[in-house]
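Undergrad: sequence first, predicted coordinates after that:
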Amino acid sequence: MSQLRPDLQIICDWITPKSRILDLGCGDGTLLAMLKKERNVNGYGLEIEISNIVKCINANVNVIQADLNAGLSDFDDNTFDYVVMTQALQAVERPDRLLNDMLRVGSEGIVTFPNFGHFRSRLQLFFGGHMPVTKTLPSKWFNTQNIHLCTLQDFEKLCADNRIEILRRTVVDRNHRSGLLMSLFPNLFGEVAIYRIQRK
Amino acid sequence: MPDTLPENSVGLVTPQTMHFDVPLALACGRSLDNYDLIYETYGTLNADHSNAILICHALSSDHHAAGYHSMEDKKPGWWESCIGPGKVIDTNHFFVVALNNLGGCKGSTGPASTNPKTNKPYGPDFPIVTVKDWVESQVRFADRLEIKTWLAVIGGSLGGMQVLQWNIDFPQRLNHAAVIAAAPKLTAQNIGFNEVARQAIMHDVDFHEGRYYEHNTAPRRGLMLARMLGHITYLSDDAMREKFGRELRQGKISYGFDVDFQVESYLRYQGESFVDRFDANTYLLMTKALDYFDPAADFDDDLSKALSHARANFLVISFSSDWRFAPERSREIVKALQDNDHDVSYAEIEAPHGHDAFLIPIKDYLDVFGAWMTHLVNEVSS
């Protein structure tokens, strides 16, 4: 997934040039390197895996080793234009706390996650009777890092409960397509959800 | 002693000495009218002098950072693991410079040197020098080497503090900065350890108010105690348990006060061998330099403000089991750099070795450090 992740190009399009970015769980630094090149942003990535830290440094991306589960207490209020978190929300211990922390530190948040409400997941659970294994969610239930999977509906309810405003929502499939079915029934046909959020 | 020197070593090196006769005003209000700095260099300075890297040393080390002084040497320089051809600090590409700081006891002017005013060793009359003073002296040293801008200034522990000071006082004179296992200032606990070390030295009957050279003696027991205490704090609980456990020297306990446990024997050996190669007055001075270091104090206690004019690209590294210069302290440095939008990467290396980890070739550490240094190689060759 890391090579042509559909969510990354969309995020890049959403970001205002020269802004200040914090990328939570930045992986090998692909997004930040792309944003640096195409949007001239200034930013830092937070990452826990040492092998990814090395890759970020190789890619000339500023990376700070940190555990997202420990929160963002090293960062002051309102110090970033955007706090981005791609495909990590479902893997942290308390997504609700982290979302609130993101909007404390940044003016806007951009979050992407795999939609557990996608019809393939529903079909596997309904007819197969087992936890879904798909191309966007390739791990088994016992070895997955995704401990807090959610659907678009779940996420939007969490936002409403936490006074978080959704500025924009896009859903795509893993091939970066966004067709008619997806815009009509995003929670059923969207594989990856991308949200732009801010504090109400 | 190696029969042949390893291929990835800088090999045999000879220290050089530089004399300075323009007075250096010190933070304590006094000045040194003239002084020597001893140093070593590895690699070759390129035509435009753009490949020079300064290595700043820690509490008890010196200018001998890499290579061997003779084929009889038992050990290479203190940072042999990182400096050499093909190593992280690659002497095939860089001109690496390491010096012994003022107040040292390895050839630079220090308490054991002769005071020109009295023709006796300085002893306690040697002025207290600070990290700021050292950096000032290093700038003059760089001027003499005709190095206008260091490609990088790199240091661990007290050396890392010098790197920070460079970025505060002379930000235009370095392009990259690696701050390893350091802290923006010592904690009360740290100062406490240093004070116990100093008291051990000063209470030795052979201390003679610091004028022990004139009595042809040295506060050996005190310095040994200081080193034993220091050594415990540079290791982690886990590292000591791993290395010694409760292993007995003779297989049984003696019901006496001689060495029973291996750890006692090890610490005594460490202490005793240190006494033969280090001067007690220098130890006093260096621990004071550590205690006094607090660059934010001049900037309303705001480290971010202190580093606001820095322009280097930073690498900050800490080690998980280092409780003397804990990862939290490195994160304070990282935060101050972030507050200023400076380029910085930070890694907290998982390692059981305690503070000493910065001298040990740990894979993750070398991978991170090496990746960062690769950009410097590219900068020099392009």
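TA: That came through fine. Numbers count the residues shown, from 1 in each chain, chains lettered A, B, ... in the order given.
Undergrad: residues in contact with the closest residue in space to A:Thr79 that isn't next to it in sequence?
TA: Among residues not flanking A:Thr79 along the chain, A:Val105 sits closest, at 6.0 Å (Cβ to Cβ, 6 or more residues apart in numbering or on different chains). In this view, the C-beta of every residue, glycine as well, is placed from N, C-alpha and C. Each residue near A:Val105 by Cβ atoms under 8 Å, 6 or more residues apart in numbering or on different chains is listed here: A:Leu22, A:Leu72, A:Phe75, A:Asp76, A:Asp77, A:Asn78, A:Thr79, A:Phe80, A:Val83.
Undergrad: out of those residues, who has the most neighbours?
TA: When neighbours are counted by other Cβ atoms under 10 Å in any protein chain shown, A:Val83 leads the contacts of A:Val105 with 29 neighbours.
Undergrad: helix or strand for B:Gln270, which one?
TA: Assigned by DSSP states H and E, B:Gln270 falls within helix B:262-277.
Undergrad: tilt between the next helix or strand after that helix and helix B:262-277?
TA: Once the chain leaves helix B:262-277, the next helix or strand it forms, by DSSP H and E, is helix B:280-292. With axes from the mean of the first three to the mean of the last three Cα atoms, to 10 degrees defining the directions, helix B:280-292 sits at 110 degrees from helix B:262-277.
Undergrad: gap between the helix or strand just after helix B:280-292 and the chain center?
TA: For helix B:280-292, the following helix or strand on the C-terminal side (DSSP H and E) is helix B:303-306. In terms of Cα atoms, centre = their mean, to the nearest Å, the centre of helix B:303-306 is found 23 Å from the chain centre.
Undergrad: up against chain A, what does chain B have?
TA: For chain B, the contact set with chain A under Cβ under 8 Å from any Cβ of the partner chain comprises B:315, B:331, B:334-335, B:338-339, B:341, B:343-350, B:364, B:367-368, B:371-372, B:374-375.
Undergrad: out of those residues, which end up buried?
TA: B:315, B:331, B:334-335, B:338-339, B:343-349, B:364, B:367-368, B:371-372 (16 or more other Cβ atoms under 10 Å in any protein chain shown).
Undergrad: confidence score at residue 95?
TA: You didn't pick a chain, so chain A it is. Confidence at A:Pro95, expressed as pLDDT, is 95.
Undergrad: I was thinking of chain B, sorry if that wasn't clear
TA: pLDDT at B:Phe95 comes out at 98.
Undergrad: against chain A, how distant is it?
TA: 23 Å (Cβ to the nearest Cβ, to the nearest Å).
Undergrad: ok, the closest residue to that residue other than its chain neighbours - how many residues close by?
TA: Distances taken as Cβ to Cβ, 6+ apart place B:Leu45 nearest to B:Phe95, at 4.1 Å, with adjacent residues excluded. Here the count is done by other Cβ under 10 Å, and B:Leu45 has 17 residues near it.
Undergrad: of all the residues in chain B, which one is nearest chain A?
TA: Closest residue of chain B to chain A, Cβ to the nearest Cβ: B:Ala371 (4.1 Å).
Undergrad: that residue against A:Ile57, yeah?
TA: Yes: the pair B:Ala371 / A:Ile57 is scored as a contact, 4.1 Å apart, by Cβ atoms under 8 Å.
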